[in-house]
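[1] what follows is a predicted structure for the sequence shown.
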Amino acid sequence: MRALFRIGASKKLKNKRSFTLVELIFEILVLSLVVIPTAILLVQLTLDIVQTETNATATALAVQVAETMMWNYTFSNVSGGSGTFASPYQKYSYAVTAACVEGANLDLPVGCPGTDSYKRVKISVSNAALPNPVDIYVLFSNI
């Protein structure tokens with residue numbers, strides 16, 4: 001009686017359906033067509049978020065330098081310089097350049113001081129993660 005029981009059990013196992021190797025390879029292929037592009041998209045989105053955050057921080061720091069200059073300097077004593085920011089922004093650096101320009105054409109440098117001259121101050125904030133520095137311009141009037 002035991003021998004018959006074993007024979008019946010082995011027939012039941014043979015009747016169970018399972019995946020073939022071809023079906024498994026096909027399913028892996030279909031999943032990889034979905035997962036790989038999704039992973040690439042997520043990586044690119046993460047990089048874009050980091051880039052946007054770094055750019056926003058650099059812009060805020062440039063505005064901070066510009067506001068400090070507007071409160072502490074006048075036309076006669078504003079000049080160029082450079083430096084780094086205090087913690088937690090020590091990875092950011094800034095450069096300030098000042099040039100006298102004429103009121104009619106703010107892109108044309110002229111000698112200082114003129115009767116209708118301005119100082120155009122360019123504040124550039126950079127970081128290793130930024131491809132280009134963030135630039136902000138401030139005008140100081142001699143009038």
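    Structure received. Everything numeric in this text was worked out from a predicted model, so none of it was measured. Numbers count the residues shown, from 1 in each chain.
[2] check the burial of Leu108 by counting its neighbours.
    Number of residues near Leu108 (other CB atoms under 10 Å) recorded here: 10. Placement of C-beta: from N, CA and C, glycine included.
[3] oops, could you answer that again for Gln64 instead?
    15.
[4] that one in helix, strand or coil?
    Following DSSP: H, G, I helix; E, B strand; the rest coil, Gln64 is assigned to helix.
[5] so what's it up against?
    By CB atoms under 8 Å, 6 or more residues apart in numbering, no residues touch Gln64.
[6] the helices in the protein, which residues?
    Applying DSSP state H to the chain gives helices spanning 2-15, 21-72.
[7] thinking Asp135 is in contact with Ile123, fair?
    Yes. Assessed by CB atoms under 8 Å, Asp135 is found in contact with Ile123 at 7.0 Å.
[8] any shared contact partners between the two?
    Ala62.
[9] the two: who's more crowded?
    Each of Asp135 and Ile123 has its neighbours counted (other CB under 10 Å); Ile123 has more, 23 against 14.
[10] hang on, the earlier thing: which of the helices of the chain has the lowest mean pLDDT?
    Looking over the helices of the chain, mean pLDDT reaches its minimum on helix 2-15, with a mean of 54.
[11] quick one: Val121 and Phe26, what's the gap?
    65 Å (CB to CB, to the nearest Å).
[12] higher neighbour count, those two?
    Set Val121 next to Phe26 and count neighbours by other CB under 10 Å: Val121 wins out with 22 against 12.
[13] so Lys122 bridges to which residues?
    Lys122 forms beta bridges with Thr97, Tyr137, as assigned by DSSP bridges.
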